[in-house]
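1. Sequence unavailable; structure follows:
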């Protein structure tokens, strides 16, 4: 479902654990994002990028090149990654790709949406 001419493309914030879950589940991320929210601008907070880079040192299958090529890396300010993601989700009105239970609770409490990996190797939008 492509956006109409002049219609803005939504943003999608990416959390480190959400990215790892997508890679581990071998999800076709492009198809699943398109199916759930349509075309999206991938946004990767610098804190989440650092977490993924740390995780990538122990494993070489995290598709870091794909992520950094597709995502816009943003400085979300100081603080814990979850704090930055909640703040950006509210400011940008953007869902967060995550599987972190505490972060999902915080996003729900703040009135923000999230995408989660489900058992059948797909994404589900919770808003």
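-> Noted; the coordinates are in hand. Source: prediction; values computed, not measured.

2. List the contacts of the residue sitting nearest the centre point of the chain.
-> By C-alpha atoms, centre = their mean, the chain has its centre lying nearest to residue 14, at 2.2 Å. Taking C-beta atoms under 8 Å, 6 or more residues apart in numbering, we find residue 14 in contact with 42, 43, 44, 48, 67, 71, 96, 97. Every C-beta, even on glycine, is put in place using the N, C-alpha and C of the backbone.

3. check contacts around residue 11.
-> So residue 11 contacts 40, 41, 43, 92, 93, 94 (C-beta under 8 Å, 6+ apart).

4. For burial, what's the neighbour tally of the fifth one?
-> Translated: residue 93. 12 (other C-beta atoms under 10 Å).

5. Next: the second one.
-> Residue 41 sits with 15 neighbouring residues when counted by other C-beta under 10 Å.

6. ok so, going back, inside strands: which ones of the contacts of residue 14?
-> Counted as lying in strands by DSSP state E, out of these, are 42, 43, 44, 96, 97.

7. so who does the first one touch?
-> Pointing back at residue 42 there. 12, 14, 67, 70, 71, 72.

8. Then the fourth one?
-> Contact analysis of residue 96 by C-beta under 8 Å, 6+ apart lists 12-15, 18, 85, 89, 103, 107, 112-115.

9. can those go into TSV with extra columns for pLDDT, distance to residue 27 and secondary structure?
-> Shown next, in TSV, are the contacts of residue 96 (pLDDT from 0 to 100; distance: C-beta to C-beta, whole Å; DSSP: H, G, I helix; E, B strand; the rest coil):
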residue	pLDDT	distance to residue 27	secondary structure
12	98	14	strand
13	98	17	strand
14	98	13	strand
15	97	15	coil
18	96	11	helix
85	98	20	helix
89	97	21	helix
103	98	19	helix
107	98	20	helix
112	98	22	coil
113	98	18	coil
114	98	15	strand
115	97	11	strand
